[in-house]
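below are the sequence and a predicted model for it; my questions follow.
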Amino acid sequence: MSPKVYAPNVHLFAFVLQKAEEQEKDWLWKSCDEIIDKILHKNFNLTQLLDLEKEPDNPTVSLIKADERTEVTPIEGAVTFDNSSNNSSKISIDGFAYPLRLYDSYGLWLNLRRPEKENGQKTDDVDIQLLRQLNPENCLLLNGNNNFIGETLIITAWLSSEQDPQNQKALKNLADECLKAFFPQGYTIPPFARSDTLFGSPIFEYGLFSQLTHYRHILVWFFSHPEAEEKFVFYQEQLLDLFFFRAKVVKAFQQSRQVYYDTNQEYSKIEEEIKTLEKFGETQQLTAEELEQLSDKLKTLPKSALDYTNLLRYLEAYQNTIAINTRNYAERLQQIRGIIKDEDISFLERFSLENCAYFQEQIQAELGYFHHGSSLLDKAIASIRGRVAIDRAKSDRIAQDKKEIGDRNLQITILAVGSAIGSAGIMASSYALVTQEDPLLPPFSTSIPHRFSLSICYSLLFGVVLGMLIWGGDKIWQSFDTPLPKGEGILHSSSEL
């Protein structure tokens, strides 16, 4: 048999960024309509009651049309509940919807409750299984919108006469049973986080930041005396802001985890790029292919550096968002404490003092680590740019030297060939005079054809010898003109004499 509580309430505080796409502009209000339709089977149509262009007189303003003369719209209905004796009965449910604009976002405070009184009479305690009728198909857990910031669910109830408000173990078990009854069968209940007292009544918090991907913030609050409920109503404006700033902090940290993952991936790529640069020696001359590879890296690395810098900027932006909303959260706590001196709000303070501080320290440590990667990338780009410039200049100078040597060799070759041909021609033309028969001397015994052949041979031989002398003389001159390697001079030092 399930335990009973008195006048259980479910409060949904949900927030979405105001800057939404046109098709998602009314998502939060339509979600409210769907919730009420599933629970009370009523066509609520909250959108028709709203004035989204309503001019605010403060950062938080109700969006209910001015002619409605109210900031909230009431909800009335009933649910069918099968009690422990398998008898079905209609249980009346009241509540309200409070649509509002908070700063840059829209908010919804939806309350569904078992009334404390009916017809002037106090209502009976109810089985905690009634809570499941207030969350059919898990409709109070919102999803499906990229601009959704987050939500806080609070289950409140008065302890029945059977419960001892001082028995913390029994109250913790009761809170667990309430969540089991609230969620559909088989749903994984958010893990227990901590317990404390708020406004003098025990409160239990569920949802761990170590499970951030599936994080849900749920509170079970048992009223043990009227003062707790009265203060809950009295501080409703401050509490609404607290839950809003809290949701923004948690959302920013959740988004920072994706940026952290992407940045870590980019950092690993940077390390791999730095390692690939080690294959290019510091002393050896780069080949044309290696120069081309490094030139390609100079085209891709600046883009990587820009992407990496943008990721760091996003991480810093989330850190700033957490810091701003942490400060706003702390200011609302001070307002609560300022209204009533010595108010015990340590349960609410722990989020700003512990969790928010941890979020900021975590991101700060990551930024410190990742900034090293940005420095590595900048140095790598500068190093590659310098190496490419130096080696390209060396390569161009070597190519120019080779070209000059080639041009000179060509000129010498042309000179040698030209001189050889010219001298051979002169030799050929002069040979006839040399071999002309002198009348005072005996005639040549060699025939004329044979003398012609000798003339050609002597001319070619003379030309080749002269050409080789010119070409070889230039090589000898170049050897004198080329600096000798260190330690190979003609003269030895005095110590070697």
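All right, it came through fine. Numbering: from 1, shown residues only.

for Leu134, what are its contacts?
By Cβ atoms under 8 Å, 6 or more residues apart in numbering, the contact set of Leu134 is Pro8, Val10, Ile39, Val79, Ile93, Leu112, Leu140, Phe182. Where you see a C-beta, it was placed from the backbone N, CA and C, and this is true even at glycine.

whoops, I mixed them up, Gly77
Gly77 touches Ile36, Ile39, Leu40, His41, Lys42, Ser92, Ile93, counting by Cβ under 8 Å, 6+ apart.

show the subsequent helix or strand relative to the strand or helix carrying the second one.
Using DSSP states H and E, Ile39 maps to helix 27-40. Per DSSP H and E, the first helix or strand lying C-terminal to helix 27-40 is strand 60-62.

give the buried residues for the helix holding Ile39.
Buried residues in helix 27-40, counted by 16 or more other Cβ atoms under 10 Å: Trp27, Leu28, Trp29, Ser31, Cys32, Asp33, Ile35, Ile36, Ile39, Leu40.

tell me the average confidence for that helix?
For helix 27-40, mean pLDDT rounds to 95.

other SSEs contacting that helix?
strand 4-17, strand 73-82, strand 88-102, strand 105-113 (3 or more Cβ pairs under 8 Å, 6 or more residues apart in numbering; DSSP states H and E).

rewinding a little: quick check: the farthest pair among the contacts of Gly77?
Using Cβ to Cβ, the two most remote members of the contacts of Gly77 are Ile36 and Ser92, lying 14.6 Å apart.

returning to that earlier point: which of the buried residues of helix 27-40 lies closest to Gln258?
Trp27 (21.8 Å).

measure that closest one to Phe148 for me?
Counting by Cβ to Cβ, to the nearest Å, the separation of Trp27 from Phe148 is 8 Å.

can you give me the helices in this structure?
Ranges of helices within the chain are 27-40, 130-133, 168-182, 226-234, 236-277, 288-339, 346-350, 356-434, 448-481, based on DSSP state H.

can you list contacts of the first one?
Counting by Cβ under 8 Å, 6+ apart, the neighbours of helix 27-40 from elsewhere in the structure are 12, 14, 16, 20, 42-47, 50, 75, 77-79, 93, 97, 99, 106, 108, 110, 112, 133-137, 139-140, 142, 144-145, 147-148.

how does it look with 6 Å?
16, 42, 44, 46-47, 77, 97, 106, 108, 110, 136, 139, 142, 145 (Cβ atoms under 6 Å, 6 or more residues apart in numbering).

same deal with the shortest one?
Residues outside helix 130-133 that contact it (Cβ under 6 Å, 6+ apart): Val79, Phe81, Ala181, Phe182.

ok, now with 10 Å
2, 4-5, 8-10, 39-40, 78-83, 91, 93, 112, 114, 155, 157, 177-185 (Cβ atoms under 10 Å, 6 or more residues apart in numbering).

burial of Lys269, as a residue count?
Number of residues near Lys269 (other Cβ atoms under 10 Å) recorded here: 15.

what's the spacing between it and Lys303?
According to Cβ to Cβ, Lys269 and Lys303 sit 12 Å apart.

do the same with Trp109
47 Å.

who's more crowded, the two?
For Trp109 versus Lys303, neighbours defined as other Cβ under 10 Å are more numerous around Trp109 (19 against 9).

still on that earlier bit, closest to Leu242 among the contacts of helix 27-40?
Among those, and counting by Cβ to Cβ, the member closest to Leu242 is Leu108, at 15.7 Å.

that closest one touches Val16, doesn't it?
Yes - between Leu108 and Val16 there is a contact under Cβ atoms under 10 Å: 8.4 Å.

and the pLDDT for Asp82?
According to the prediction, Asp82 has pLDDT 78.
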